[in-house]
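A.B. asks: Give me a 3D structure for the following:
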Amino acid sequence: NSGKYSCTISYRKHGVPVSQTFHYSIFGYHVLGGLDTVLLFHSKLCEDEWTKRFLWGLQDKLRWLEIEQHCKLQLTATFCFPSLNSPSDEFIIQVQLEVSPFGPHWAEHCNSQDTDMVTDCYRKTVQHNLRQVQLALTRFFKEHKSFHITGADIPLMNFTNEFVGFLKTEQCNGGYGQTKQLQRCLNCCIVCPPGMFSPPKKSQCSPCPVGTYSVTYGVAFCTPCKDGMITRVLGASSMMDCVKKERTKQALSIMHKIPGLLLIILPALLAINFLFILSSCYWFFQEYQVSPPRASKMTGSTMKMETVTSFFRIPRQDPQAGPDAGPASDTSHLDTSASQGGDEEHRHGAPSPAMTSNLATVTDETTSVLTLEDRKNTF
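C.D. replies: The predicted model follows:
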């Protein structure tokens, strides 16, 4: 049986109990091979009741051929239409049979332990069995040309065989698909897992539609949910996946609302990020902005004035004292007075009253000169 299995082996190694668990999967598969058969019968009438009885008798007589050839014969379709020779009183019954070479004990002689040899044996056995079935069916309809249908409520009816045709096919059986899981046989048909299905003559496994599920491997058709229940998603693999439609509608409505919410939230997030980047750039520009040349000149003039004031050890006066100072343009007097004041202080150790007044005059003049220098540098 196909499925996932695990095997745990427990043993002792150097007196210590050891256990190992091995996980493996088993998948059923079959090689490609099949036969479509078309049978044409002539009949006087085209009635469903008589056609059904004829088909029952035909299948009953073909049953022994299935056992003998280790195959399966399945009726797939029937058609009834007027004959071209006598459209009014003669009809043609078209019967389509599907021959599968995978009947009971079809590969009982392929018992090699080598997987490659077994797969090769399967291919050869399938081709051999299909040829044998084709010969057996041809011989059967030559020996059984007419089929008589009788009953209490119907007259004797004859169905005469006029044509037997065969068409070899390479399609997967129902419940199998070409999944390419078997490396040694990539075109082999692998059994479909739970939640998947594959109708006859389909080469791929498909997920179960919404409202259906499949529990086992190798399902040709999925099982519908009961009591009007439905599944939320495709590929349901359990009956527990079937829920009421109201709950499903709620889940679907939530899923449909999510894209709308994203469309609303996403632009807002993008706008916030843009504003954050813009504010960061503005802060960086303000933080590291270079001072203009005019501000640099004013800063230099202020430093010069502080240096001169410190040199003469004169406290800075308020600008309002400017009008009491002497002429601002007499710079030679400033230099001479400064030199004399310095010499007198060095010689006598303390300035005289006359020198003190003279020093005050120098201080006022110095302030005026510095103020004028500052203005010149500014402009």
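
A.B. asks: What residues sit buried inside stretch 160-177?
C.D. replies: With burial defined by 16 or more other Cβ atoms under 10 Å, the residues of stretch 160-177 counted as buried are 161, 164, 166, 171, 172, 173, 174, 175, 176, 177. (C-beta placed from N, C-alpha, C; glycine too.)

A.B. asks: Reformat these as CSV; add pLDDT and distance to residue 147.
C.D. replies: Converted to CSV, the buried residues of stretch 160-177 look like this (pLDDT from 0 to 100; distance: Cβ to Cβ, whole Å):
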residue, pLDDT, distance to residue 147
161, 93, 8
164, 95, 14
166, 96, 20
171, 86, 29
172, 90, 33
173, 88, 29
174, 90, 29
175, 93, 33
176, 94, 34
177, 93, 37
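
A.B. asks: Does anything pack onto the longest strand seen in the chain? Which helices or strands?
C.D. replies: Longest strand of the chain, by residue count under DSSP state E: strand 157-169. Other helices and strands packing on strand 157-169, by 3 or more Cβ pairs under 8 Å, 6 or more residues apart in numbering; DSSP states H and E, are strand 34-43, helix 48-69, helix 115-143, strand 146-149.

A.B. asks: Now the shortest one: average pLDDT?
C.D. replies: To tie it back to what came earlier, the one meant is strand 146-149. Averaging pLDDT along strand 146-149 gives 88.

A.B. asks: now it, how far from the centre of its chain.
C.D. replies: On the basis of Cα atoms, centre = their mean, to the nearest Å, strand 146-149 sits 60 Å off its chain's mean C-alpha point.

A.B. asks: Take the buried residues of stretch 160-177 and keep only those in strands.
C.D. replies: Short answer: the buried residues of stretch 160-177 in strands (DSSP E) are 161, 164, 166, 176, 177.

A.B. asks: which ones are touching the closest residue to residue 175 other than its chain neighbours?
C.D. replies: Nearest non-adjacent residue to residue 175, counting by Cβ to Cβ, 6 or more residues apart in numbering: residue 218, 3.6 Å away. Neighbouring residues of residue 218 by Cβ atoms under 8 Å, 6 or more residues apart in numbering: 2, 28, 175, 176, 191, 192.

A.B. asks: ok, so of those, who is nearest residue 272?
C.D. replies: residue 192 (50.2 Å; Cβ to Cβ).

A.B. asks: Wait, that closest one touches residue 215, no?
C.D. replies: No - at 12.0 Å, residue 192 and residue 215 do not qualify as touching, with contact defined as Cβ atoms under 8 Å.

A.B. asks: returning to what we had before: ok, so of the buried residues of stretch 160-177, who is nearest residue 103?
C.D. replies: Set against residue 103, the nearest of these by Cβ to Cβ is residue 173 (11.9 Å).

A.B. asks: pretty sure the closest one is touching residue 203, no?
C.D. replies: No - counting by Cβ under 8 Å, residue 173 sits too far from residue 203 to count as a contact (10.6 Å).
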